[in-house]
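A.B. asks: For reference, the sequence and a predicted model appear below.
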Amino acid sequence: MLPPFEIHQPATPAEAVALRVRHGESAALYAGGSELLLAMKEGLGAFEHLIDVKTIGGLDTLALAPDGAALVIGAAVTHRALERSPLLRAHFPMLADMERQVANARVRAVGTLGGNLCFAEPHSDPPTALLVHEARVVLHGGAGPRRLALADFLVGPYESALGPDEILTHVEVPLPPPRAAAAYLKFGLHERPTVGVAALLVPDVARGAVAEARVAIGCVGPVAARLPEVGHALRGVPLATLEAGWPAAETAGERLDAVGDLHGSAEYKRAMAGVFVKRALAQAARRARGGVGGHIGAPHLADT
Amino acid sequence: MSRLEIEAPPPPDRRLRLPTTVNGRPVTLHVVPEAVLLDVLREDLGLTGSKRSCDVQVCGACTVLLDGLPVSACAVLAYEARGRTVLTIEGLASEERLHPVQEAFLAASGFQCGFCTPGMIMAVTAMLDEAPAATPAEVREHLRGNICRCTGYVSILAAVAAAQRALARTGA
């Protein structure tokens, strides 16, 4: 049973912000409810006011920015809309594949990207995948709009940089460099993943090697994060080496701030992180060698 | 001293007016904001086909279709159904005959205890409405979110395949 609350229906970001300011900690932002309502059922959060951001105009848009440099995703766009978006499929096939495998069809039908990022559940797929795309969040608040790198928005478990007088309105995902190829792999024995790894490679086509690499890990530690040292170490590595299984990947998880929980011990998670970094790099390398747009392949989920 | 009867003022009515359509019939309900769709269907409308099991969007026993999309009625506020259509297992059959997916589950014995069956059938119906020619791999992927502890799933997958054949024959 849910505790009693009142639902508010703001029409604009400013109205939603005013409601947050008026009701303070007794109010929660509400979108799909796929995380919030479960937490409230478990008694992990009691709110007298839910602010329904879905009634705000424009938060369900999914379009390229006017300059064509980024995809702009409204905070209330559902996982289902993302998984089926031709724009996402065309420009960010790895993100479309990742979205297709979030939770289950029912969660995807109601759960939103903005809700996912604001709830900041550590065992989640989108933050990890968005980190290698260097996504930004757009926040609206009393002091006007501001943009934050997603890496700075994700603070810790169930904690984001969203201010008490702000709401998340959009997520911006810059178009990847030409010929970039990406992969997202996850593994888990429960409903939520134990480890999620995203890799994005920009190839130096003439040399058949890595020009730039971005690797991120989620679910293992308190918050999804990039592994900059792995990215540096990958520069100049031949794509063929990655495809065959890059031995150095095995140590990628060794220094992670892993948290032991229901999904596995810290030691187990570190070991699995290495395994899945190696596999994600192999898959991204295969796609990079396969040519532009060669991201769409067989299902690449080592999952339940 | 006279004994005055004291009566507290009635609590304010917190209920929301909720016009919606359930199984093809327009209804206007009055629900508290925190009511989940499953409770309204089961308790207010007597539609007890949708089951509560895990209560956390994992098992699929409470699957109903909201504007054609599968949702967990246990974790969706009834408020979300305002102005939309809800389809439950009770609304699937026509007066004369069962829905082809129901027929297929019967013919293939795609159930044992039957507790997951309404949710399973609604999940399959939603999938086949959208992707009648879904591959076996796609079917398995879609049904990942519906748990059955009896059958081992083989007979359920056989039922889905049979439903696909039946729907292809009738062109439905």
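C.D. replies: On my side now, so go ahead. Numbering: from 1, shown residues only, chains lettered A, B, ... in the order given.
A.B. asks: interface residues of chain B facing chain A?
C.D. replies: Within chain B, the positions lying close to chain A (CB under 8 Å from any CB of the partner chain) are B:14, B:16, B:32-36, B:55-58, B:60, B:63, B:66, B:69-72, B:75-77, B:79-80, B:123, B:126-127, B:137, B:141-142, B:144-146. C-beta coordinates here come from the backbone N, C-alpha and C atoms, glycine included.
A.B. asks: Among those, name the buried ones.
C.D. replies: Applying 16 or more other CB atoms under 10 Å in any protein chain shown to the residues of chain B next to chain A, the neighbour count classes B:16, B:32-36, B:55, B:57-58, B:60, B:63, B:66, B:69-72, B:75-77, B:79-80, B:123, B:126-127, B:141-142, B:144-146 as buried.
A.B. asks: what sits against the residue of the stretch 51-200 of chain A found nearest chain B?
C.D. replies: In the stretch 51-200 of chain A, the residue found nearest to chain B is A:Asn104; the distance is 2.5 Å by CB to the nearest CB. Counting by CB atoms under 8 Å, 6 or more residues apart in numbering or on different chains, A:Asn104 makes contact with B:Gln57, B:Val58, B:Gly60, B:Arg144, B:Gly145, B:Asn146.
A.B. asks: hmm, try it at 10 Å
C.D. replies: Neighbour list for A:Asn104: A:111, A:191, B:57-60, B:63, B:70, B:72, B:123, B:141-147 [criterion: CB atoms under 10 Å, 6 or more residues apart in numbering or on different chains].
A.B. asks: mind listing which of the residues you listed are in strands?
C.D. replies: Cross-referencing the contacts of A:Asn104 against strands under DSSP state E gives B:Thr63, B:Pro70, B:Ser72.
A.B. asks: which one of the residues you listed is nearest A:Val223?
C.D. replies: Of all the ones in strands among the contacts of A:Asn104, B:Ser72 has the smallest distance to A:Val223: 27.0 Å, by CB to CB.
A.B. asks: any chance you could map the helices in chain B?
C.D. replies: Per DSSP state H, chain B carries helices over the ranges B:37-39, B:100-107, B:117-130, B:136-142, B:154-170.
A.B. asks: Pop the domain breakdown of chain B in here.
C.D. replies: B:16-91, B:100-170 (automatic domain parsing).
A.B. asks: how long is the last one end to end?
C.D. replies: Domain B:100-170 has an end-to-end distance of 10 Å (CA to CA, to the nearest Å).
A.B. asks: What of stretch A:151-167?
C.D. replies: In stretch A:151-167, first residue to last residue: 17 Å (CA to CA).
A.B. asks: For the stretch 101-250 of chain A, which residues score under the pLDDT cut-off?
C.D. replies: Applying pLDDT under 70 to the stretch 101-250 of chain A flags no residue at all.
A.B. asks: Kindly report the residues of it close to chain B.
C.D. replies: A:101, A:103-111, A:190-192 (CB under 10 Å from any CB of the partner chain).
A.B. asks: which residues touch the nearest residue to B:Arg14 once chain neighbours are set aside?
C.D. replies: Leaving out its chain neighbours, the residue that sits closest to B:Arg14 by CB to CB, 6 or more residues apart in numbering or on different chains is B:Val32, at 5.3 Å. Neighbour list for B:Val32: A:2, A:4-6, B:13-16, B:39-40, B:77-79 [criterion: CB under 10 Å, 6+ apart].
A.B. asks: Next, the contact list for residue 65, please.
C.D. replies: All of this is about chain A. Counted by CB under 10 Å, 6+ apart, A:Ala65 has contacts A:Leu71, A:Val72, A:His170, A:Glu172, A:Val173, A:Pro174, A:Leu175.
A.B. asks: sorry, should have said chain B
C.D. replies: Contacts of B:Leu65 by CB under 10 Å, 6+ apart are A:109, B:71, B:73, B:85-89, B:91-92, B:122-123, B:125-126, B:129.
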